[in-house]
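Asks: fold the following for me, if possible:
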Amino acid sequence: MTDLELATHAALEAGKLLRKHFGSDAVVDEASDHDIKLALDKESQELITTILLGAREGDALYGEEGIAGNQASSRQWIVDPIDGTVNYYYGIPHFCVSIALRVEGVIVVGVIHDPMVGETWTVEKGSPALLNGKPTQTSQRSKLGESILYVGCGKDDDALRTGIDRFHRASLRARKMRMMGSAALGMAYIASGRIDGYIESRISLWDIAAGQLLVETGGGKVELTPVPGYEDAYSIVASNGKIPIEEIL
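Replies: The predicted model follows:
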C-alpha cells in the first residue's frame, strides 16, 4: 500500500467512526470560550494512529491530540482527527478528517475526507490533485468582485479583531463571504474551485498541512507566516493564485 493509499484508508476509517456517532450526545473533554474538545477527537486520532503507524512503525505522528511514534523520524504524519469539532458537536455536517505526510520537512501527501458529503480530496507531490478520484483545480476567477472568500477569526482577542476587520474589508469587495468552521475543508474548496481565497491570522499546522499541498497542486498559492510565541501556528493567505487577495489584508 502506498503512502497515499494508506492515508486515504485511515481517513475513510476515521470518517466512518465520525459519521456513525454524528448527531449523538458527544462527550466534551475540554471547553473554552471559543472551542471544545470531544472524546471523539481522541478516539478518531487513536484509530488513525493505529492504522498509520501499524503500517509504518518507524514513522512519527503529530496531531491535534498529541504525538506518537518515532519523533526522530524524517517521516511525520500530520493529523487533524476532526477539523470542525464545534460544527460536529452542534450537529452541523461540515467537518472533515485531514491527514498529511511530511518527509524531510516537505509535505508529500495530503488527504481531506468529508464523511457527511462523501467527498475525499487526495494529492501526492508531483501528481494531480483529485476529488473522489477525478482531477480538480482552483477557479479561474481573477476579480475580487466575482470571488467568494473565507475569513477565519481565530480564538483569542487579537485574532478575533483581525479576522473581523478583514471580514469587513473583504465584504465590501467580494461577491460573498463565508465563515465555515473548518480550515481544511476551506482549503479543499479552494483546490476544487468552489471558493477563491482563505485568510486567517492564526491557524495550526494540522489544520492546513494537507490543504496546502492540495491548493498549490491545483494551481493556487499559499503563504504561511509563523506566529511568534506559538509552536507550529501560522498566519495563512491562500487563494486560487489569481484574485488580488492582498487588497483586503
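Asks: host element of E200?
Replies: If you go by DSSP states H and E, E200 is part of strand 197-204.
Asks: distance between that strand and the chain's centre?
Replies: The chain centre lies 10 Å from the centre of strand 197-204; the measure is C-alpha atoms, centre = their mean, to the nearest Å.
Asks: where does the residue lying farthest from the centre of the chain land on pLDDT?
Replies: In terms of distance from the mean C-alpha position of the chain, L172 ranks first, at 26.5 Å (C-alpha atoms, centre = their mean). In the predicted model, L172 carries a pLDDT score of 74.
Asks: and A191, by the same measure?
Replies: Listed pLDDT for A191 reads 98.
Asks: wouldn't it be in contact with T136 here?
Replies: Yes: A191 sits in contact with T136 when judged by C-beta atoms under 8 Å, with a separation of 6.2 Å. In short, each C-beta sits where N, CA and C put it, glycine included.
Asks: so these two - more neighbours on which side?
Replies: In this view A191 and T136 are compared by other C-beta atoms under 10 Å, and A191 has more residues nearby, 33 against 21.
Asks: for V117, which three-state class applies?
Replies: Per DSSP: H, G, I helix; E, B strand; the rest coil, the secondary structure class of V117 is coil.
Asks: how close does it get to T162?
Replies: Computed as C-beta to C-beta, to the nearest Å, the V117 to T162 distance reads 30 Å.
Asks: more neighbours, these two?
Replies: The residue with more neighbours, out of V117 and T162 and counting by other C-beta under 10 Å, is T162; that gives 20 against 11.
Asks: what's the closest non-adjacent residue to the more buried one?
Replies: Once its chain neighbours are removed from consideration, T162 has its nearest residue in S201; the separation is 4.3 Å (C-beta to C-beta, 6 or more residues apart in numbering).
Asks: which SSE is the nearest residue to Y234 once chain neighbours are set aside in?
Replies: In space, Y234 comes closest to L224 once its chain neighbours are excluded; the distance is 4.2 Å by C-beta to C-beta, 6+ apart. According to DSSP H and E, L224 maps onto strand 221-226.
Asks: hmm, back to that, restrict the strand holding E200 to CA atoms and write it as CSV.
Replies: What follows is strand 197-204, C-alpha atoms only, in CSV (Å, rounded to 0.1, in the frame of the first residue of the first chain):
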residue,chain,number,x,y,z
GLY,A,197,-9.5,32.6,-1.0
TYR,A,198,-9.0,31.9,2.7
ILE,A,199,-7.3,34.2,5.3
GLU,A,200,-6.7,33.6,9.0
SER,A,201,-4.3,35.3,11.4
ARG,A,202,-3.5,32.2,13.4
ILE,A,203,-4.1,28.6,12.4
SER,A,204,-2.4,25.3,13.4
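Asks: strands paired with that strand, and their directions?
Replies: When pairs are called by DSSP bridges, strand 197-204 turns out to pair with strand 148-151 (parallel), strand 233-239 (antiparallel).
Asks: out of the ones you listed, which gets nearest to L53?
Replies: Within the strands paired with strand 197-204, the stretch nearest L53 is strand 233-239; the backing value is 24.9 Å (C-beta to C-beta).
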